[in-house]
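Give me a 3D structure for the following:
(one chain, ligands or ions: 1)
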Amino acid sequence: MRHCSEKWLVDCALSFNFPAQFIRAMTNRRKFIKASAATGIGLGLGAFNRFFSQTNDAPVAPPVFKEGMVLSTWDAGIPANEAAWKAMLAGGNALDMAEKGVNDTEATLSNLTVGLGGFPDRDGHTTLDACIMDSAGNAGSVMFLEHIKHPASVARRVMEKTPHVILVGEGAYQFAIAEGFKHDDYVSEESQKAWKEWLKTSQYKPIINIENHDTIGLLAMDANGDLAGACTTSGMAFKMRGRVGDSPVIGAGLYVDNEIGAATSSGLGEAVIRTCGSFLVVEMMRLGATPQEACEEAVNRIKIKHSNYKDFQVGYLAVNKAGEIGAFAIHPGFTYSLHKYGENKVYKSKSMLDQ
Ligand code: SD4
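Reported below is the predicted structural model:
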């Protein structure tokens, strides 16, 4: 059995470019775990303990949260959380909760960032991206899908009924129709009007927290403590035709590992894709970070890799198996909705630029 010395840990962390405060936290945690293993405590550190279960440290069983909870992006997450909760009360598992939750947002045609009411691309067409992951690590995704009301449900069918993970464009549409989804020609007057206004300058520049920020990433934990997630969007307003952001990209806009936790994102997808954001958050939790620390590190990674990071917004949400959550964004203004302990409320995320 290999023993991980503290020096080995620090060397690894340095080679992964972890910030100093994280390395400190990691080594402190290790000391804490050694002490807590002796006394039988170790709350909130299940993932870390599992990481070190190959060492001489005694593993401590993770305190899995089993009361059910839902965490989703922005204020628009409130009705989605409610729908997810209903799915759980009706006997659904985490995957059903995730799908039904985001379906509610997709059906809200006044939402200008999700579903068929979403802002169009620069050619005037609304194109939809979505993905879903279950607690077994299965994943499904659709990208650049048009005329289908519930892309997240199509993503679930891709996951459950095909040998693939991703279907795009025409192929995704054909698959949806073959699966019984209806062609829908809905066009939002409001988003068409905004597009015509945009055409006057044709300037593609995300406006932080203002231009379409209601993409829904939803993380669900059922009464068994199992995790699943879904993310669905019409993407950045007035994007180039064919552009796909982070939301349907497994590991970018969403990642679920039922052993550890789950994460999702909203904001400028390109920055999230470049840094494998949601995967990074989950992997940081695997190494012992709290969900909050993990979200902060993912935002920090964006800062390190983007000299223009002040010009755009990205926000992350995360949950671990203990039901602890994290939320962090580049700018103030990122909000999230949390359904836990019988309450469904909006909270303001902390952010890098108001610290
Ligand atoms: C994208 N991340 O397509 C999405 C946009 C978004 O709230 O999150 N808007 O890049």
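
What's the mean pLDDT across whatever helix or strand residue 255 lives in?
For residue 255, the host element (DSSP states H and E) is strand 254-257. For strand 254-257, mean pLDDT is 98.

list the helices and strands it packs on?
strand 128-133, strand 227-233, strand 261-267, helix 277-286 (3 or more Cβ pairs under 8 Å, 6 or more residues apart in numbering; DSSP states H and E). From N, CA and C alone the C-beta is placed, and that goes for glycine too.

Can you say which of those is nearest to the ligand?
strand 261-267 (3.7 Å; Cβ to the nearest ligand atom).

hmm, back to that, what about the strand holding residue 255, near the ligand?
No: using Cβ under 6 Å from any ligand atom, strand 254-257 never reaches the ligand; the gap is at least 10.6 Å.

Is the most centrally placed residue in the chain bridged to anything, and to what?
Central residue of the chain (Cα atoms, centre = their mean): residue 264, 1.0 Å from the mean position. Residues in a beta bridge with residue 264, per DSSP bridges, are residue 254, residue 317.

what about it, distance to residue 239?
20 Å (Cβ to Cβ, to the nearest Å).

Could you do residue 78 as well?
Counting by Cβ to Cβ - residue 78 and residue 239 are separated by 27 Å.

just to revisit the earlier point, among the helices and strands packed on strand 254-257, which is nearest residue 107?
Closest approach to residue 107 among the helices and strands packed on strand 254-257 (Cβ to Cβ): strand 227-233, 10.9 Å.

Spell out which residues of the stretch 201-350 of the chain are next to the ligand.
212-215, 233, 235-236, 245-247, 266-269.

5 Å - rerun?
By the criterion of Cβ under 5 Å from any ligand atom, the positions of the stretch 201-350 of the chain lying close to the ligand are 213, 215, 233, 235-236, 245-247, 266, 269.

all helices of the stretch 251-355 of the chain, in order?
269-274, 277-286, 291-305 (DSSP state H, counting those that start in this stretch).

Next, format the ones you listed as JSON lines and append mean neighbour count.
Output for the helices of the stretch 251-355 of the chain, formatted as JSON lines (neighbours: other Cβ atoms under 10 Å):
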{"stretch": "helix 269-274", "mean neighbour count": "22"}
{"stretch": "helix 277-286", "mean neighbour count": "26"}
{"stretch": "helix 291-305", "mean neighbour count": "22"}
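
Please produce CSV containing the ones you listed, extended by mean pLDDT.
Shown next, in CSV, are those (pLDDT from 0 to 100):
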stretch, mean pLDDT
helix 269-274, 98
helix 277-286, 98
helix 291-305, 98
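
Redo these as JSON lines? Include distance to residue 72.
Output for the helices of the stretch 251-355 of the chain, formatted as JSON lines (distance: least, Cβ to Cβ, whole Å):
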{"stretch": "helix 269-274", "distance to residue 72": "16"}
{"stretch": "helix 277-286", "distance to residue 72": "14"}
{"stretch": "helix 291-305", "distance to residue 72": "14"}
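
Do I have it right that the residue nearest to the centre of the chain meets residue 232?
No: assessed by Cβ atoms under 8 Å, residue 264 is found out of contact with residue 232, at 10.6 Å.

Domain-wise, how is the protein divided?
Domain assignment for the chain by automatic domain parsing gives 6-52, 69-354.

Most tightly packed of these?
domain 69-354 (a mean of 22; mean count of other Cβ atoms under 10 Å).

Look at that one and report the distance between its end residues.
28 Å (Cα to Cα, to the nearest Å).

next one: stretch 124-132
27 Å.

swap in stretch 202-217?
28 Å.

Just send the helices and strands packed on strand 254-257 back as JSON lines, with distance to residue 191 too.
JSON lines is the format used below for these (distance: least, Cβ to Cβ, whole Å):
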{"stretch": "strand 128-133", "distance to residue 191": "13"}
{"stretch": "strand 227-233", "distance to residue 191": "13"}
{"stretch": "strand 261-267", "distance to residue 191": "18"}
{"stretch": "helix 277-286", "distance to residue 191": "26"}
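
for those, which one sits closest to residue 352?
Of all those, strand 261-267 comes closest under Cβ to Cβ, at 12.2 Å.

then that closest one to CSV, C-alphas only?
What follows is strand 261-267 as a C-alpha-only set of coordinates in CSV (Å, rounded to 0.1, in the frame of the first residue of the first chain):
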residue,chain,number,x,y,z
GLY,A,261,-20.5,15.6,-6.0
ALA,A,262,-21.7,17.6,-8.9
ALA,A,263,-21.2,21.0,-10.5
THR,A,264,-22.7,23.2,-13.1
SER,A,265,-22.0,26.6,-14.6
SER,A,266,-23.5,29.6,-16.3
GLY,A,267,-22.0,32.5,-18.1
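
With that, I have no additional questions.
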